[in-house]
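> Fold the stuff below for me.
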Amino acid sequence: MSVYFAGIGGIGISAIARMMLGEGKIVTGSDRSPSPITDELTKLGAIIFFDHRAEHIRPNTELVVYSIALADDNPELIEARHRGIPMKSYPEMLGEISRAKFTIAVSGTHGKTTTTAMLAKIFIKAGLDPTVIVGSILFDAGSNFILGKSRYFIVEACEYKRSFLNLAPQILIVTNIDNDHLDYYCDLADIQSAFAELAAKLPSTGALICKAADPFSAPLIKATKARVIDYELFGSPIPKLTVPGKHNIKNAEAARAVSSVLEINPALALEALEQFSGTWRRFEYKGKAKNNALIYDDYAHHPLEIQATLSAGRQLFPDKKIYAVFQPYLYSRTRLLFNDFAVSFKEADEVVVAPIYAAREPADPAVSSEQLTRAIAGQGVSARYFTDFFAIARFLLKATGPNDLILFLGAGDIYRLADLLV
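You can find the predicted model right below:
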């Protein structure tokens, strides 16, 4: 079977591509530019193009899997529709896997990637051999996909465009609910309605794991017929995690709640969490710059995530000066959460702002990184804007030294600058 992946470099859709390569299928696909993910897929046998053209879809293509980030006028999607090739979105493919497995879906505005990875660590240590799809690279596995032989499917469940409603979970984690993806959702109530709809899909024999006292969880609890479990009841004893931050303690509590539901030995679960080494771009230590400044990289692209990551950095390195290098992700997100971003950097000593990473959006003259830099500075934090990565690199190498921590933040390609400095 020959399968074409439009947007194959996406952290989620690439996992499905890995799965199909493992099954012996012919995999081709396209993306905007090369990345470590596309490099690995190429090594596994995928043929990847770095533009989107109708002619990339070969005559023998039997299925097109596409990222929901692609526009309807994408030439590959137009070609597939014209030729009558079966098409499935990435969330629809996840749904097919989910319906055939005992699914543990990990959702929430923040923390779902780390919580999914923590669960994978627990299940593997317990010998439960799960299939896992996570929105990052698991350091232990070196992949965002683990093919297991058991009935268990652990999956990161993304709320964007309500895509997680394709899943059929038996256990659902909701780490938290917050304002995000406001380019799609109307407001917080709209976001809550999506989570409540997912909770309503749980069977009566299932479990909803959430922060039960959080008022944002109320619509979910009301909607579900499953057992409701408060993950905050699983905080003792406090695990000695190698990943820093109070937010990761909360993620561990949610993972321990699942292990309790499935009667995994509590001591084994705790040991697995304490051995958990983290994931790609979640407070990831990259190394040292040539001036011996410490380099860390994090996917944080929401105001609360930035605050949590900077707090973790301050906790881990209380005596170092923190340089936060932030690449805003999406014009819409920057505009809609502008005031929240402006007050999110108070734990940093210096803030460096890069141009906005547009991703799927056209440029919006109503918002800019220069405006955001001025707003951050207006909160009493030293902040400066640079027009390109090389200018940022030159500044950092000149301004920092052995007593400094440089923390790169953002969901775009800012990690390339971290790699450059190391």
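> residues contacting residue 374?
Each residue near residue 374 by C-beta atoms under 8 Å, 6 or more residues apart in numbering is listed here: residue 383. The way it works is simple: take the backbone N, C-alpha and C, and place the C-beta from them, glycine included.
> What are the boundaries of the helices in the stretch 1-150 of the chain?
Using DSSP state H, counting those that start in this stretch, the helices of the stretch 1-150 of the chain run over 13-22, 36-44, 75-83, 90-99, 112-125.
> Please point out which parts of the fourth one sit buried.
In this case it means helix 90-99. Within helix 90-99, the residues that qualify as buried are 90-91, 93-95, 97-98, counting by 16 or more other C-beta atoms under 10 Å.
> now those in JSON lines, with pLDDT and distance to residue 122?
JSON lines is the format used below for these (pLDDT from 0 to 100; distance: C-beta to C-beta, whole Å):
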{"residue": "90", "pLDDT": "94", "distance to residue 122": "26"}
{"residue": "91", "pLDDT": "94", "distance to residue 122": "25"}
{"residue": "93", "pLDDT": "94", "distance to residue 122": "25"}
{"residue": "94", "pLDDT": "94", "distance to residue 122": "21"}
{"residue": "95", "pLDDT": "95", "distance to residue 122": "25"}
{"residue": "97", "pLDDT": "93", "distance to residue 122": "20"}
{"residue": "98", "pLDDT": "95", "distance to residue 122": "20"}
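> any chance of the helices of the stretch 1-150 of the chain in TSV, plus distance to residue 280?
Supplementary listing: the helices of the stretch 1-150 of the chain in TSV, determined by distance: least, C-beta to C-beta, whole Å:
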stretch	distance to residue 280
helix 13-22	12
helix 36-44	8
helix 75-83	27
helix 90-99	19
helix 112-125	9
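> most packed of those?
When neighbours are counted by mean count of other C-beta atoms under 10 Å, the highest per-stretch mean among the helices of the stretch 1-150 of the chain falls to helix 112-125, a mean of 27.
> any idea how far residue 28 is from the residue of the chain positioned farthest from its centre?
Of all residues in the chain, residue 59 has its C-alpha farthest from the mean position, at 34.2 Å, by C-alpha atoms, centre = their mean. With the distance defined as C-beta to C-beta, to the nearest Å, residue 59 ends up 12 Å from residue 28.
> just the angle between the lengthiest strand in the chain and helix 36-44, please?
With DSSP state E setting the assignment, residue counts place strand 131-138 as the longest strand in the chain. Between the axis of strand 131-138 and that of helix 36-44 there is an angle of 120 degrees, by axes from the mean of the first three to the mean of the last three C-alpha atoms, to 10 degrees.
> for strand 131-138, the distance to its chain's centre please.
Distance of strand 131-138 from its chain centroid, counting by C-alpha atoms, centre = their mean, to the nearest Å, is 10 Å.
> Determine the angle, from 0 to 180 degrees, between that strand and helix 90-99.
Going by the same axes, to 10 degrees, strand 131-138 makes 130 degrees with helix 90-99.
> Kindly provide the whole-number mean pLDDT of strand 131-138.
Mean per-residue pLDDT for strand 131-138: 90.
> Check which helices and strands that strand sits against.
Strand 131-138 makes packing contacts with helix 13-22, helix 90-99, helix 112-125, strand 143-146, strand 152-156 when contacts are defined by 3 or more C-beta pairs under 8 Å, 6 or more residues apart in numbering; DSSP states H and E.
> can you redo these as a markdown table with distance to residue 74?
Conversion of the helices and strands packed on strand 131-138 to a markdown table gives the following (distance: least, C-beta to C-beta, whole Å):
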| stretch | distance to residue 74 |
| --- | --- |
| helix 13-22 | 14 |
| helix 90-99 | 14 |
| helix 112-125 | 26 |
| strand 143-146 | 23 |
| strand 152-156 | 24 |
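> Lowest average pLDDT across those?
Taking each of the helices and strands packed on strand 131-138 in turn, the one with the lowest mean pLDDT is strand 143-146, at a mean of 89.
> in its sheet, what does that one sit against?
Listed by DSSP bridges, the sheet partners of strand 143-146 and their directions read strand 131-138 (antiparallel).
> just to revisit the earlier point, tell me which of the helices and strands packed on strand 131-138 lies nearest to residue 390.
Go through the helices and strands packed on strand 131-138 one by one with C-beta to C-beta and the one that ends up closest to residue 390 is helix 13-22, at 28.5 Å.
> Kindly list the main-chain dihedrals of residue 325?
Geometry field for residue 325 lists phi and psi as phi -110, psi 110, criterion degrees, to the nearest 10.
> switch to numbering from 4
All set: I'll call the first residue 4, so the last point we hit is now residue 328.
> just wondering, since we're on it, how far is it from residue 396?
According to C-beta to C-beta, residue 328 and residue 396 sit 10 Å apart.
> which residues are in contact with both of these two?
Residues touching both residue 328 and residue 396 by C-beta under 8 Å, 6+ apart: residue 420.
> measure residue 288 to residue 366 for me?
34 Å.
> Next: residue 15.
Between residue 15 and residue 366 the distance is 26 Å, computed by C-beta to C-beta.
> Look at those two and report which has more neighbours.
Regarding residue 15 and residue 366, a neighbour count based on other C-beta atoms under 10 Å identifies residue 15 as having more, with 23 against 10.
> what does the model give the more buried one for pLDDT?
Here, the pLDDT recorded for residue 15 equals 89.
> Quick check: it touching residue 119?
No - Residue 15 lies out of contact with residue 119 (C-beta atoms under 8 Å); the separation is 11.2 Å.
> any shared contact partners between the two?
In terms of C-beta under 8 Å, 6+ apart, residue 15 and residue 119 are both contacted by the residues 138, 159.
> ok, now which ones touch residue 16?
Neighbour list for residue 16: 8, 10, 68-70, 93 [criterion: C-beta under 8 Å, 6+ apart].
> So what's the residue count around the nearest residue to residue 220 once chain neighbours are set aside?
The spatial neighbour of residue 220 that comes closest, neighbours along the chain excluded (C-beta to C-beta, 6 or more residues apart in numbering), is residue 213 at 4.7 Å. Residues within reach of residue 213, counting by other C-beta under 10 Å, total 29.
> Hmm, residue 213 is touching residue 221, no?
No - under the criterion of C-beta under 8 Å, residue 213 lies out of contact with residue 221, with a separation of 10.0 Å.
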